[in-house]
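Participant: no sequence on hand, only this structure:
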């Protein structure tokens, strides 16, 4: 038990000799909480009681042995009880001495709290009275003091917000004056705002916004301004459109038109003025918001400032955006549509003169943009679209009339007699109409320019659709008659000329000043496609006839050692036929008007003709010295025959191959592979290989014979396959030849075989 008292810091003090209860109480009050001390003493008594029971239970036998009589046990028990009672009395005395100071402290604390609350209320009342005095002083000042007066009102509202000042006589006496001051401040702020908006004075508007902001009425006042401007705008447009209806109904067309446009200009001016006022207020509010953001972030960088500026314009654009959309969708558009429904002459006037109306609308938007770009508030794409949508009905009607004019002209051109090709005069008249619409589109601006170009594109597509069925495709369209061009050929040539004429006139109208829309470019391409179909199909059929004459070359005899005087004078029979065909073809092709569409297909025709000649000439077998001279003369005649089709420089590699074929004919076989840079290097490798094979002995068969084709079939195959494919076919034929030689047990190949191998290896390298 002694260890228990000594180990416990609280109980150990009761074992000290001498023990002073007063000293212990004073020390406990100063050093710790009274409640903690009482709890500790209670815990100590519980531990002491528990320890006594434990000691008695543990030493029960010893205690009985030490106590001889019951009286001695009771005496000892009385001594213990006396000690416990003494300890309990000491604890009660300590508890009493501790509770009295605690109660006194709690009472003084409550008194202090009440004094503080009273002092705070007195200070708030004094602050309220002071702000009331400042409010009266600022109201007696000028417009620049209104913001300070509003700040005083805001402070008064904050002081009285929690209701703590209710019932205070000094405050209640000021309530009526504060309410009157509030109404006066709102009235003067409204006057200042109206003056700033009508004069577009940023300083007055800023001062009014500052007052409204402190009165927490910026949003409400902005909406009120918007609604007021919308009401005035509705009245103005309704009156202007009513006067316009009366003007066109009572006066003549010219006089009515003269009166309508000033009225429309006045209505647009009213819209412009209202928009300026609303957007002016919107800009001031946004600027105020930006200033507040910069005050909260004084060290923000340029990027943060730019982001804040964008956010401020976005935050402040709601009033302006609502105003513009409501003005367009709820005032201008419905009123204009109603006026047109009520007055047909007005509708007709606006539709006919829509470019003028569209120009006025665009100028109104430009005026607003120029004004607000100086204030960093340009109109958005949605706002511009809403503005132009106000006259969408008139816009669509005008575009429909424009297309109607163009389509009527096209229909008349392809009218009676049926199947007749439009005349050059009619085509020129259509081109003038198209040029007028394109020029109007250039000056009108979006979206009318796009719509007019689309109308022009539809008219061009209609022209192409009407022209396409007129193309003659029967046999007379491609015949080369001795009597000259047929009627079908003449009609096709005229149709080609009209397509080219219209295409050129449209491009001239664009003249690089007006960006062409994709729809118009597609329509021009459609004209070119139809024209290309006319001349392309003709050239295709002409080549088939020319090719038939060239194939006769393979039946001719070129094995003579010397050229006869007859051959030198008259030339080959096939070449005579070909030259006659080219002459008659030139009569047909001469009908086609010169221009950018005529020459490319003619050059392509001449190119194919030269390529086929070189291809067939290298297949002739055998070719003796006289045959070589005969072929050379045929080349000269061919050059003269195709000269009307295209110039030699326009034929490129095909003409170079023809010129290279001449020295190739007279070159030794062994020298062909030794001189890769010689003149005949322009000859395609497949043609060069076929020519070398033609110099071989009969033991080395030609490629067509190896594949069991006729020479005509081989010639057609070469025309439809690439040079690489032809070389691969020749290689397979040579490989087959090598196998045959090996099977026969022969030791030598034909004299031209090494040259063929070297030529093939040069291509592989």
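Facilitator: Nice, thanks for sending it over. Bear in mind that the values here come from a model prediction, so they are computed numbers and not experimental data.

Participant: look through this structure and tell me its longest helix.
Facilitator: helix 70-139 (DSSP state H).

Participant: name the helices or strands packed onto that helix?
Facilitator: Helices and strands touching helix 70-139, as assessed by 3 or more CB pairs under 8 Å, 6 or more residues apart in numbering; DSSP states H and E, comprise helix 21-31, helix 34-58, helix 146-159, helix 169-199. (Glycine included, C-beta is placed from N, CA and C.)

Participant: most neighbours per residue, which of those helices?
Facilitator: helix 146-159 (a mean of 20; mean count of other CB atoms under 10 Å).

Participant: so how far is that one off the chain centroid?
Facilitator: Helix 146-159 has its C-alpha centroid displaced from the chain centroid by 50 Å (CA atoms, centre = their mean, to the nearest Å).

Participant: tell me what it is packed against?
Facilitator: Helix 146-159 packs on helix 70-139, helix 169-199, helix 202-214, going by 3+ CB pairs under 8 Å, 6+ apart.

Participant: adding distance to residue 522 and mean pLDDT, write those helices out as CSV.
Facilitator: Formatted as CSV, the helices and strands packed on helix 146-159 follow (distance: least, CB to CB, whole Å; pLDDT from 0 to 100):
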stretch, distance to residue 522, mean pLDDT
helix 70-139, 71, 75
helix 169-199, 50, 75
helix 202-214, 51, 80
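
Participant: gap between the nearest residue to residue 495 once chain neighbours are set aside and residue 530?
Facilitator: In space, residue 495 comes closest to residue 421 once its chain neighbours are excluded; the distance is 5.1 Å by CB to CB, 6 or more residues apart in numbering. The gap separating residue 421 from residue 530 is 13 Å, by CB to CB, to the nearest Å.

Participant: give me the common contacts of those two.
Facilitator: Here residue 421 and residue 530 have no joint contacts, going by CB atoms under 8 Å, 6 or more residues apart in numbering.

Participant: so which of the helices and strands packed on helix 146-159 is the most surrounded?
Facilitator: The highest mean neighbour count among the helices and strands packed on helix 146-159, using mean count of other CB under 10 Å, belongs to helix 202-214: a mean of 22.

Participant: quick one: low-confidence parts of the stretch 151-300 of the chain?
Facilitator: 157, 159-175, 177, 251-256, 290, 292-300 (pLDDT under 70).

Participant: one more time with 90, if that's ok
Facilitator: Flagging of the stretch 151-300 of the chain using pLDDT under 90 yields the residue ranges 151-226, 245-261, 272, 275-300.

Participant: now for residue 574: which residues touch it?
Facilitator: If a contact means CB under 8 Å, 6+ apart, then residue 574 has 549-550, 552-553, 555-556 as its contacts.

Participant: and if we set it to 10 Å?
Facilitator: 548-556, 616, 634 (CB atoms under 10 Å, 6 or more residues apart in numbering).

Participant: ChimeraX command for the buried members of those?
Facilitator: Entered in ChimeraX, the line below selects the buried ones among the contacts of residue 574, by 16 or more other CB atoms under 10 Å:
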select :549,550,551,553,554,556,616,634
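
Participant: among the contacts of residue 574, which ones are in helices?
Facilitator: 548-551, 616, 634.

Participant: between the residues you listed, which is closest to residue 741?
Facilitator: Among the ones in helices among the contacts of residue 574, residue 616 lies closest to residue 741 (CB to CB), at 28.4 Å.

Participant: so where is the stretch 301-450 of the chain shaky, pLDDT-wise?
Facilitator: For the stretch 301-450 of the chain, applying pLDDT under 90 flags the ranges 301-325, 329, 343-396, 398, 412-421, 423, 435-450.

Participant: residue 326 sits in which helix or strand?
Facilitator: Using DSSP states H and E, residue 326 sits within helix 302-326.

Participant: over to residue 738?
Facilitator: Secondary structure (DSSP H and E) places residue 738 in helix 723-744.

Participant: report the distance from the longest helix of the chain to the chain centre.
Facilitator: 76 Å.

Participant: tell me the buried residues in the helix or strand that contains residue 705?
Facilitator: Using DSSP H and E, residue 705 falls within helix 703-706. Neighbour-count burial for helix 703-706 flags 703-704, 706 (criterion: 16+ other CB under 10 Å).

Participant: residues making contact with whichever helix or strand comes after it?
Facilitator: For helix 703-706, the succeeding helix or strand toward the C-terminus, using DSSP H and E, is helix 711-719. For helix 711-719, contacts defined as CB under 10 Å, 6+ apart pick out 547-548, 550-551, 553-555, 608, 611-612, 615-616, 618-621, 684, 686-687, 690, 702-707, 709-710, 725-726, 729.

Participant: can you give me the offset of helix 711-719 from its chain's centre?
Facilitator: Distance, centroid of helix 711-719 to centroid of chain: 54 Å (CA atoms, centre = their mean).

Participant: I appreciate the help and will end here.
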